[in-house]
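> For reference, the sequence and a predicted model appear below.
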Amino acid sequence: MIEVEEAARIIASTVLELPTIHVPLEKSLGRVLRQVVVADADFPPFNRVMMDGIAIRHKDFERGIRDFQILGIQAAGASQKELKGQGSCLEVMTGSIAPAGADAVVPYEEIVIDGKNKIAAVRTDDVRPGKHIHDKGSDKKAGDLLVQAGKLIGAPEIAVAASVGLIALKVTGNPSIAIVSTGEELVDIHEQPQAHQIRRSNVYALAAELKRFGIESAHYHLDDDKKNLTQKLEGILYAHDVIITSGGVSRGKFDFLPEAFEDLGVKKSFHRVKQKPGKPFWFGTKAPGKVVFAFPGNPVSTFLCFHKYFVPWLRKTLGMDRTSHVRAVLGADFEIKTGLTYFLQVKTHINENGQIVAKPNTGKGSGDHANLLSGDAFLELPGNTRVFKRGDVFNLISFRNS
Ligand code: AMP
Ligand code: MG
């Protein structure tokens, strides 16, 4: 049996090499960029009008001219017009190119227009060169590096890539992931369980979590028959890079997974971690590039192990920024009986000092997954202490917004 930190360290050392793929820009959200994004032109690409109003020569204003002759309209999307003659102006719209010769914009709010005589009377003293004009190249220059490779793609990255005309991006390809449930007592969700059966839920929970990473997983169910299970697992191992199983790793008479994996050449890295829930967790690898996370079947155990171990591993494998360690304040005194690291189910809120406070939301144990409905995180209470005080601070593993 190993410590939680040791288990996490071993898992972190097994990240996979993933391929580079092209995805359409619209499908790139949440992916990790494997190319640079460079400005194809200046940002903005022309002197851009920032307010609806009139464009003038500042020099005219300085000379004391307040009534400007309106020559016409410079609309957004129209090619550049020109100011002609002293005291002339053009009406301009936000997003239009500044007319040639104009170097200041006076918003409609600060002028009065005499439509009949086509005069715009300026009613402000605050007119300066460049006012309300977004200068060409003032944000970025053509050729500037805009986004580094390795960046997690969010809406700002998509907007910038769109601006430079990238219709597809090179990103990290997803690993192929199988989620496997085990247990003779489990039936699928469309079936009516008999008195001794339950519907399987773990596969659906984990598949939903993977979708948050944009990953579609393959799903399998294995009965607790060693020969049959080993045979099916062989095919699953062949077909996928990552296998997540639930159940079948405890000390029960029908918990065959560890043996089956070893028979199939998956090398055990560890079996059993000093933690509750999730103690029977088994982890192993098979060269080249196969990783097996065998979580115990109780739904809360599976769920906790997934968030504690699998999510950081996946983030690292995908090349996302490091998982940040969120800390939270224990919201009530709490005592544990075991000497194991205890992942306390909690419900969090932000207090008046802006700290995350985690209130115990214990439930009836690792089989009580309905209790997860009223919580949003686990608080990691170290096994070397038994009594935890309100106000003490611990690692938080959030499952609502990670
Ligand atoms: P095991 O780890 O196989 O001993 O299973 C522990 C408990 O978790 C048993 O009560 C199982 O019925 C339950 N369990 C195992 N897999 C699932 C699953 N996919 N969905 C819901 N419950 C499960
Ligand atoms: Mg079982």
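Here it is on my side, so go on. Ligands and ions are numbered 1, 2, ... in the order given.

> what's the single longest strand in this protein?
Counting by DSSP state E, the longest strand found in the chain is strand 341-350.

> Pull out the buried residues from that strand.
Thr341, Tyr342, Phe343, Leu344, Gln345, Val346, Thr348 (16 or more other CB atoms under 10 Å). C-betas here are computed from N, CA, C, even on glycine.

> give me the number of residues near the closest residue to Thr20 other than its chain neighbours?
Counting by CB to CB, 6 or more residues apart in numbering, Arg34 is the residue found nearest to Thr20 once chain neighbours are left out, at 4.7 Å. Arg34: 19 surrounding residues under other CB atoms under 10 Å.

> Give me every residue in the stretch 101-250 of the chain that's in contact range of ligand 1.
181, 183, 185-186, 198, 200-203, 246-248, 250 (CB under 6 Å from any ligand atom).

> As CSV, the buried residues of strand 341-350 with pLDDT and distance to ligand 1 would be great.
Converted to CSV, these look like this (pLDDT from 0 to 100; distance: CB to the nearest ligand atom, whole Å):
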residue, pLDDT, distance to ligand 1
Thr341, 98, 19
Tyr342, 98, 19
Phe343, 98, 16
Leu344, 98, 20
Gln345, 98, 16
Val346, 98, 22
Thr348, 98, 25
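
> Show me the two of those residues that sit farthest apart.
Greatest spacing in the buried residues of strand 341-350, by CB to CB: Thr341 and Thr348 (19.1 Å).

> Pull the residues that contact stretch 270-280.
Under the contact criterion CB atoms under 8 Å, 6 or more residues apart in numbering, stretch 270-280 has outside partners 1-4, 6-7, 10, 249-251, 255, 258, 281-283, 295-296, 298, 300-302, 304-305, 308, 336, 338-343, 365-366, 383.

> now it: mean pLDDT?
Averaging the model's pLDDT scores along stretch 270-280 yields 98.

> and it, is it in reach of ligand 2?
No. Against ligand 2, stretch 270-280 shows no contacts by CB under 5 Å from the ion, the least distance being 10.3 Å.

> okay, and for the stretch 51-200 of the chain, where does confidence drop off?
The model of the stretch 51-200 of the chain has no residue with pLDDT under 70.

> need the residues of it near ligand 2, please.
Contact residues (CB under 5 Å from the ion) of the stretch 51-200 of the chain with ligand 2: Gly183.

> how much space is there between the residue nearest to Thr20 and ligand 1?
The spacing between Arg34 and ligand 1, counted by CB to the nearest ligand atom, to the nearest Å, is 35 Å.

> so that residue makes contact with Ala168?
No. Assessed by CB atoms under 8 Å, Arg34 is found out of contact with Ala168, at 11.9 Å.

> Give me the pLDDT for the residue nearest to Thr20.
At Arg34, pLDDT is 95.

> Kindly report the same for Asn401.
Looking at Asn401, its pLDDT reads 73.

> Could you check how many residues crowd around the spatially closest residue to Gly297 that is not a sequence neighbour?
With CB to CB, 6+ apart as the criterion, Gly297 has its nearest non-adjacent residue at 2.8 Å, and that residue is Gly247. Here the number of neighbours of Gly247 (other CB under 10 Å) works out to 27.

> just Glu5 next, same as before
12.

> that's a helix at it, yeah?
Yes. Secondary structure of Glu5 (DSSP: H, G, I helix; E, B strand; the rest coil): part of a helix.

> Against Ser324, how distant is it?
Glu5 is 17 Å from Ser324, where distance means CB to CB, to the nearest Å.

> what does Gly30 give?
Separation of Gly30 from Ser324 (CB to CB): 17 Å.

> the more surrounded of these two?
It is Gly30, of Gly30 and Ser324, that has more neighbours when counted by other CB under 10 Å, with 15 against 7.

> Pull the contacting residues for that one.
By CB under 8 Å, 6+ apart, the neighbours of Gly30 are Leu152, Ile153, Gly154, Arg212, Phe213, Gly214.

> same thing but at 6 Å, please
Shown in contact with Gly30 (CB atoms under 6 Å, 6 or more residues apart in numbering): Gly214.

> and it, what helix or strand is that in?
Per DSSP states H and E, Gly30 falls between elements, in no helix or strand.

> Show the backbone phi and psi for the residue lying farthest from the centre of the chain.
Residue farthest from the centre of the chain, counting by CA atoms, centre = their mean, is Asn117 at 57.6 Å. Backbone torsions for Asn117, taken as degrees, to the nearest 10, come to phi -100, psi 0.

> With Gly165 instead?
Backbone geometry at Gly165, expressed as degrees, to the nearest 10, gives phi 90, psi 20.

> Next: Glu157.
Torsion angles at Glu157 (phi, psi; degrees, to the nearest 10) stand at phi -70, psi -40.

> per-residue pLDDT, the residue nearest to Lys364 when sequence neighbours are not counted?
Excluding the flanking residues, the one nearest Lys364 by CB to CB, 6+ apart is Asn371, at 6.8 Å. For Asn371, the pLDDT comes out at 97.

> now swap in Arg322 and tell me
65.

> From Pro280, how far off is the residue in the stretch 1-150 of the chain that ligand 2 sits nearest to?
Ligand 2 sits closest to Met1 of the stretch 1-150 of the chain, with a gap of 20.0 Å, by CB to the ion. Distance of Met1 to Pro280, given as CB to CB: 10 Å.

> and what of Ser176?
26 Å.

> Could you do Gly72 as well?
Counting by CB to CB, the gap from Gly72 to Pro280 is 79 Å.

> So if I had to pick from those two, which one is more boxed in?
Using other CB under 10 Å as the criterion, Gly72 and Pro280 rank with Pro280 on top: 25 against 12.

> Look up phi and psi at the more buried one.
Main-chain dihedrals, Pro280, degrees, to the nearest 10: phi -80, psi 10.

> Likewise for Gly375?
phi -120, psi 180.

> How about it, nearest residue that isn't a chain neighbour?
Nearest one to Gly375, counting by CB to CB, 6+ apart, is Asn361 at 4.2 Å.

> swap in Gln148?
Distances taken as CB to CB, 6+ apart place Val36 nearest to Gln148, at 6.4 Å, with adjacent residues excluded.
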